[in-house]
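K.L.:
here is the input, now give the coordinates:
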Amino acid sequence: MTVPEKITQKHFNKYSPWYFSGFSLMIIIVWNIPDGFYYLYPLTILATYFHEMGHGLAALLLGGSFHYLLVHPDGSGVAVHSGVQFLGSIGQAIVAIGGPLGPTFAGMLFIYASASVKATQRLLVVIGALIIITVLIWVRSVFGVLFLIAVGALLMYIGIKSSERAKQLVLQLLGVSSMLSLYQNIGYFFIDKVEIDGKIMYSDTGYLQEYLFLPYWMWAIIILGISLFAFYKSFAYLYKKNKEQQ
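P.N.:
Numbering: from 1, shown residues only. So this is what the prediction gives:
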């Protein structure tokens, strides 16, 4: 017997806001305790991938070249890009902020979609396919290629074969981890320079300070504020859908 879409959808959203809240609290706490990196290892690697793809795709959209992306087993990563042509220093700043906020808005999209049975299934398949495609185009570390292709294939399988509830939980977990990827290391945003592979480089907020007019620590506050607003709007949307279908 086929379950009517209306009943399925109502059941689908019954606990959705609370799953979202639980996932969010778990991720923020675990990522900021000693060795939390290991407890959420797959999400940690995905967070790095989301962050670096945000930089690379922003550069590409602004007329630059996205050369390659590295993702390492220790959770570090780098996106190598060049030649941003549009908007001058503002374009460079958009690339810098694309790392923390690109995944934030993508995660927000995932959360909104998780309120729909049909959108959840379709989006999981699309996300899985896009991960595989982008890995084949840009990722150049052996670990990154193997790990992320496996994740992409798993998401596609879940989107096709799993129960509706499992699909929703996975999409929400993916959305939350994308939105909160910048909380993996909050302290990074409150420094202007960082050492990577023995080289001293600007942090994301350090680049924003160079390209625009505010100090790096103020950009850190702005980024975190935007993230919290997106988090609030996502929860509010799920809560509204929950109330509408009671």
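K.L.:
next, count neighbours for residue 105.
P.N.:
Residues near residue 105, counting by other C-beta atoms under 10 Å, number 16. Yep, even glycine has a C-beta here, placed from its N, CA and C like the rest.
K.L.:
dump the residue contacts of it.
P.N.:
For residue 105, the contacting residues are residue 230, by C-beta atoms under 8 Å, 6 or more residues apart in numbering.
K.L.:
that one and residue 232: what is the separation?
P.N.:
14 Å (C-beta to C-beta, to the nearest Å).
K.L.:
swap in residue 107?
P.N.:
13 Å.
K.L.:
returning to that earlier point: what is in contact with residue 105 and residue 232 at once?
P.N.:
In contact with both residue 105 and residue 232: no residue, using C-beta under 8 Å, 6+ apart.
K.L.:
check the offset of the helix or strand where residue 44 lies from the chain's centre.
P.N.:
Assigned by DSSP states H and E, residue 44 falls within helix 41-61. Centroid displacement of helix 41-61 relative to its chain, using C-alpha atoms, centre = their mean, to the nearest Å, is 7 Å.
K.L.:
what comes up buried for it?
P.N.:
Buried positions in helix 41-61, judged by neighbour count with 16 or more other C-beta atoms under 10 Å: 43-60.
K.L.:
now do stretch 180-197
P.N.:
Of the residues in stretch 180-197, those buried (16+ other C-beta under 10 Å) are 180, 181, 182, 183, 184, 189, 192.
K.L.:
show me what contacts the closest residue to the last one other than its chain neighbours?
P.N.:
Counting by C-beta to C-beta, 6 or more residues apart in numbering, the nearest residue to residue 192 once its immediate chain neighbours are dropped is residue 206, at 3.7 Å. Residue 206 is in contact with 191, 192, 193, 194, 216, counting by C-beta under 8 Å, 6+ apart.
K.L.:
residues contacting the third one?
P.N.:
The reference is to residue 193. 200, 201, 202, 203, 206.
K.L.:
pLDDT score for it?
P.N.:
On pLDDT, residue 193 comes in at 79.
K.L.:
look up phi and psi at it.
P.N.:
Note on residue 193: backbone dihedrals following degrees, to the nearest 10 are phi -140, psi 150.
K.L.:
the more surrounded of residue 107 and residue 232?
P.N.:
residue 107 (24 against 10).
K.L.:
tell me the buried residues in the helix or strand hosting that one?
P.N.:
Using DSSP H and E, residue 107 maps to helix 88-113. Residues of helix 88-113 classed as buried: 91-113 (neighbour count, 16+ other C-beta under 10 Å).
K.L.:
shaky segments in the chain?
P.N.:
1-15, 195-198, 244-246 (pLDDT under 70).
K.L.:
can you point me to the longest helix in it?
P.N.:
helix 216-244 (DSSP state H).
K.L.:
that one - contacts with which helices or strands?
P.N.:
Applying 3 or more C-beta pairs under 8 Å, 6 or more residues apart in numbering; DSSP states H and E, we find helix 216-244 packed against helix 16-31, helix 88-113, helix 164-179, helix 204-211.
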